[in-house]
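Asks: here you go, sequence then predicted model.
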Amino acid sequence: MMDLILFGVFPYVAMTLAIAVGFYRYCFDRYSYSSQSSQFLESRTLFWGSVPWHYAILLILSAHLLAFLFPSLWGSLLGAPGRLYLLEITGIALGVVTTIAMLVLLLRRASNARVNVVTTTIDWVLLISLLLQVITGVYIAITMRWGGFWYVHTVTPWLWSLVSFSPKIDFLVNMPFVVKLHAVNAFFLVALFPFSRLVHVVSIPLAYVTRPYQLVIWYRQRNNQL
Ligand code: HEM
């Protein structure tokens, strides 16, 4: 029963919340569609957390997505040992980068008084869930060998069964606990999306590429700065 709720019902609840509340927030509170940057309060530590985090997580999520959308292509890509080793090692290395980067970002919010003031409960929930997600991901990749390969025979059919509204939870129920945790926490992050800064993932500032640059100049004397 619990498995049915976690792997057959909760993903739909999470997706419904993400779409419905996300849309509502977009219509009625569009200004909040942002990462609410704290860069002007502290930028050095942010750089060492945020930049590696974003490059690494985007590559990892692209791999998750490719294996879901094109399983046979992904399977044949990993079909030769050399390519399999390369992809697994790259995945683990990127996963370690995301873990360290997330620890940096968490410590920054905990230790910098100015940043701490603007940090809300939902920020902590989000950052800790992201940390849990990357730690469990790396743990799976290291201890359950060739995850890139078995993903296409377990995770991919489970996700497609959700897409086709006929959830086949059997693909997940016999998995080790940590894989289940990784899967449920992924949908918990989807549920958090409309309530948190995570909404910024859909507000990619493409217009920035073509717009004229802006020059930002301090209006005050430097010694009067906060
Ligand atoms: C919020 C979405 C997700 C994030 C941020 C995330 C993050 C990660 C990270 C950081 C890794 C380790 C690096 C790697 O091997 O690629 C990983 C691996 C893995 N993830 Fe996820 N993940 C997400 C969703 C999912 C979902 C829904 C599943 C389904 C159960 C899943 C299954 C796996 C598997 C099987 C591995 C091991 C891959 C391997 O050994 O190469 N992930 N994930």
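Replies: In hand now; what should we look at?
Asks: which residues of the protein fall in helices?
Replies: Assigned by DSSP state H, the helices in the chain fall at 2-3, 10-28, 44-69, 71-77, 81-111, 113-117, 121-143, 147-163, 170-173, 177-192, 207-210.
Asks: in TSV: those helices, plus mean neighbour count and distance to the ligand.
Replies: C-beta coordinates here come from the backbone N, C-alpha and C atoms, glycine included. Shown next, in TSV, are those (neighbours: other C-beta atoms under 10 Å; distance: least, C-beta to the nearest ligand atom, whole Å):
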stretch	mean neighbour count	distance to the ligand
helix 2-3	10	13
helix 10-28	15	9
helix 44-69	15	5
helix 71-77	14	11
helix 81-111	16	3
helix 113-117	12	23
helix 121-143	17	2
helix 147-163	17	2
helix 170-173	16	7
helix 177-192	18	4
helix 207-210	7	25
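Asks: can you put the ones you listed in a markdown table and add mean pLDDT?
Replies: Below are the helices of the chain laid out as a markdown table (pLDDT from 0 to 100):
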| stretch | mean pLDDT |
| --- | --- |
| helix 2-3 | 93 |
| helix 10-28 | 96 |
| helix 44-69 | 96 |
| helix 71-77 | 94 |
| helix 81-111 | 96 |
| helix 113-117 | 92 |
| helix 121-143 | 98 |
| helix 147-163 | 96 |
| helix 170-173 | 96 |
| helix 177-192 | 98 |
| helix 207-210 | 82 |
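Asks: any chance of these in a markdown table, with distance to Val201 too?
Replies: A markdown table is the format used below for the helices of the chain (distance: least, C-beta to C-beta, whole Å):
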| stretch | distance to Val201 |
| --- | --- |
| helix 2-3 | 29 |
| helix 10-28 | 10 |
| helix 44-69 | 10 |
| helix 71-77 | 23 |
| helix 81-111 | 15 |
| helix 113-117 | 21 |
| helix 121-143 | 12 |
| helix 147-163 | 19 |
| helix 170-173 | 25 |
| helix 177-192 | 10 |
| helix 207-210 | 16 |
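Asks: so which of these gets nearest Val199?
Replies: Distance to Val199, taken as C-beta to C-beta, is lowest for helix 10-28 among the helices of the chain, at 6.5 Å.
Asks: and that closest one with helix 147-163, angle?
Replies: Relative orientation of helix 10-28 and helix 147-163, computed by axes from the mean of the first three to the mean of the last three C-alpha atoms, to 10 degrees: 70 degrees.
Asks: can you give me the angle helix 10-28 makes with helix 177-192?
Replies: Interaxial angle of helix 10-28 relative to helix 177-192 (the same axes, to 10 degrees): 20 degrees.
Asks: contact partners of helix 10-28?
Replies: 32-33, 162, 167, 184, 187-188, 190-191, 193-195, 199, 202 (C-beta atoms under 8 Å, 6 or more residues apart in numbering).
Asks: next one: that helix to chain centre, how far?
Replies: Chain-centre distance of helix 10-28: 17 Å, with C-alpha atoms, centre = their mean, to the nearest Å.
Asks: OK, contacts around Thr134?
Replies: Actually, residue 134 is Val rather than Thr. Ile57, Gly95, Thr98, Thr99, Met102.
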